[in-house]
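Asker: Predicted structure and sequence below. I'll ask about it afterward.
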Amino acid sequence: MTTRSIVGLSGPFSRFAPAHCPRCSGRVDATWPWAGWGALRKGWFFGLGFVLLASPIWFTDFVVMMPSAMLFIAAIGPLNTLARTRPTCLRCGSAVEAARLDAHG
């Protein structure tokens, strides 16, 4: 029984699927990031708009609502990182493309 390496893991919710690796010159196992990170990032901007529109009410509570707004705003850094993560080869760690469908497999 062989074990799979987790080198190149594409963040939480990633999945394993075959891909074409240009560095390995062939079909390899790869880890693909969750496709919803981009949509979640767009949703974050809608949430930011809500925080800005509700800021007169939101910022009156300095004990709970103000810190929660700051945590929400700070979440864009990790969210940007996860949204731009590329699928990676589990063998060499290179960015990969979708698997080619050819007669040679």
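Answerer: Nice, thanks for sending it over.

Asker: Roughly how far does I76 sit from L48?
Answerer: Counting by CB to CB, to the nearest Å, the gap from I76 to L48 is 8 Å. No exception for glycine: its C-beta is placed from N, CA and C like everyone else's.

Asker: A strand includes G77, no?
Answerer: No - using DSSP: H, G, I helix; E, B strand; the rest coil, the assignment for G77 is helix, not a strand.

Asker: what's around it, how many residues?
Answerer: By the criterion of other CB atoms under 10 Å, G77 has 9 neighbours.

Asker: Test my guess that A17 contacts A30.
Answerer: Yes - under the criterion of CB atoms under 8 Å, A17 makes contact with A30 at 6.3 Å.

Asker: in the protein, which ranges drop under the pLDDT threshold?
Answerer: 1-11, 100-105 (pLDDT under 70).

Asker: mind listing the helices in it by residue range?
Answerer: Assigned helices in the chain, in chain order: 37-53, 55-58, 65-74, 76-83 (criterion: DSSP state H).

Asker: can I get those helices in JSON lines with distance to R91?
Answerer: Converted to JSON lines, the helices of the chain look like this (distance: least, CB to CB, whole Å):
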{"stretch": "helix 37-53", "distance to R91": "24"}
{"stretch": "helix 55-58", "distance to R91": "48"}
{"stretch": "helix 65-74", "distance to R91": "35"}
{"stretch": "helix 76-83", "distance to R91": "23"}
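
Asker: what about the spatially most distant residue from the centre of the chain, distance to M70?
Answerer: No residue in the chain sits farther from the centre than T60, which is 33.8 Å out by CA atoms, centre = their mean. To M70, T60 is 15 Å away according to CB to CB.

Asker: before we move on, what about L79?
Answerer: 15 Å.

Asker: The two - which one has more neighbours?
Answerer: Between L79 and M70, L79 has the larger neighbour count (other CB under 10 Å), namely 16 against 10.

Asker: That one touches W37, doesn't it?
Answerer: Yes - here L79 reaches W37: they are 7.2 Å apart, a contact under CB under 8 Å.
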